[in-house]
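Chemist: Need a 3D model of the sequence below.
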Amino acid sequence: MRTTIGLALAYLAIINLAAFWALASDKRKAAAGLRRTPERELLGLALLGGSAGAIAAQQMFRHKTRKEPFRTLLWLTAVVQVAGLAAWRLAG
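Modeler: Below is the predicted model:
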């Protein structure tokens, strides 16, 4: 069981770093007038477990904080993930 938890934590660390990096990179691209990362990819990283990293980057870099529906979808993803984790924890 410890190995499973360790792998899950490693996965979450990696996916959150990837989401953080992707939003930070997109912010740099926006400032430089370069081709942007599609919102679908950014939200996909959040959906795969990187919502905390995506929200941290969003707040830190003030990136896509007013962009709808991106903002709502990102926060909704995080809420669903936290609720799922809480339900799993309470059930087990």
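Chemist: Need the residues that contact stretch 16-35.
Modeler: By CB atoms under 8 Å, 6 or more residues apart in numbering, the residues outside stretch 16-35 that reach it are 36-37, 41-42, 45-46, 49-54, 56-58, 60-61, 63-64. For the C-beta atoms, the positions are set from N, CA and C on the backbone; glycine is no exception.
Chemist: Please pick the buried ones from the residues you listed.
Modeler: 37, 42, 45-46, 49-54, 56-58, 61, 63-64 (16 or more other CB atoms under 10 Å).
Chemist: Filter those residues down to the ones in helices?
Modeler: Judged by DSSP state H, helices contain the following of the buried ones among the contacts of stretch 16-35: Leu42, Leu45, Ser51, Ala52, Gly53, Ala54, Ala56, Ala57, Gln58, Phe61.
Chemist: was I right about the third one contacting Ala78?
Modeler: Spelled out, it's Ser51. Yes. Ser51 is within contact range of Ala78, at 4.0 Å (criterion: CB atoms under 8 Å).
Chemist: could you say which helix or strand contains the nearest residue in space to Met60 that is not next to it in sequence?
Modeler: In space, and not counting its chain neighbours, Met60 is closest to Ala24: 7.9 Å by CB to CB, 6 or more residues apart in numbering. Assigned by DSSP states H and E, Ala24 belongs to helix 2-32.
Chemist: between that helix and helix 51-61, how many degrees?
Modeler: Orientation of helix 2-32 against helix 51-61 (axes from the mean of the first three to the mean of the last three CA atoms, to 10 degrees) gives an angle of 30 degrees.
Chemist: mind listing what's buried in stretch 11-25?
Modeler: Ile15, Asn16, Ala18, Ala19, Phe20, Ala22, Leu23, Ala24.
Chemist: Low-confidence stretches in this protein?
Modeler: Under the criterion of pLDDT under 70, none of the chain is flagged as low confidence.
Chemist: Can you pull up the most central residue in it?
Modeler: Taking CA atoms, centre = their mean, the centroid of the chain lies closest to Ser51, which sits 2.6 Å from it.
Chemist: Next one: that residue from Ser25, what distance?
Modeler: 17 Å (CB to CB, to the nearest Å).
Chemist: And Thr77, how far from Leu34?
Modeler: 26 Å.
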